[in-house]
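Colleague: when you get a sec, could you give me coordinates for this:
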Amino acid sequence: MPLLAQELQLSEKEVASVLNVYWDKIRKLLSSLDHNRVYLKGLGTFYVKPWAVDKKMEVNHRTIDKYTEMPTPRSLMIISQAILDNVKLQNVKEREAELMKIKKRKRDERRNQDLEGKG
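Modeller: Have a look, this model is predicted:
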């Protein structure tokens, strides 16, 4: 960061502040689960890992099971939030599965074109 600050003629604190805002935005985009992939030119694609989605869904299921035994107004709010989270997580899984199907189809099409060109 010192080199970047020097190159931009800014203090290291200012550069760190801008970078923190930038990374916070990416984290919020991913953690909102409205976007399961974020592409940054020059840095690559950041995405929600499938195992993390599965793990969070398991935690939510255990939470729901725990609080349904003796429901209180507070536990009903917790259950409701866990259910909403699981709906979002399921949407992430479905979007990811659809992306994988598209990638596989494109890969197969390229492979078929290569085979046709050689034959």
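Colleague: any regions of the protein where pLDDT drops low?
Modeller: 118-119 (pLDDT under 70).
Colleague: helices or strands up against the top helix by length along it?
Modeller: Ordering each helix of the chain by length in residues (DSSP state H) puts helix 73-118 first. In terms of contacts (3 or more CB pairs under 8 Å, 6 or more residues apart in numbering; DSSP states H and E), helix 73-118 is packed against helix 50-68. Bear in mind the C-beta positions are built from the backbone N, C-alpha and C, glycine included.
Colleague: buried residues in the helix it packs on?
Modeller: 53, 56-57, 60, 63-64, 67 (16 or more other CB atoms under 10 Å).
Colleague: taking helix 73-118 as reference, get the angle to that helix.
Modeller: 160 degrees (axes from the mean of the first three to the mean of the last three CA atoms, to 10 degrees).
Colleague: what's the residue nearest the centre of the chain in contact with, if anything?
Modeller: Per CA atoms, centre = their mean, the C-alpha nearest to the average position across the chain is that of residue 48, at 2.8 Å. Contact analysis of residue 48 by CB atoms under 8 Å, 6 or more residues apart in numbering lists 30, 33, 36-37, 92, 96.
Colleague: repeat that with 7 Å
Modeller: 30, 36, 92 (CB atoms under 7 Å, 6 or more residues apart in numbering).
Colleague: what's near enough to touch the residue nearest to the last one when sequence neighbours are not counted?
Modeller: In space, and not counting its chain neighbours, residue 92 is closest to residue 36: 4.6 Å by CB to CB, 6 or more residues apart in numbering. Listed by CB under 7 Å, 6+ apart, the contact set of residue 36 reads 47-48, 92, 95-96.
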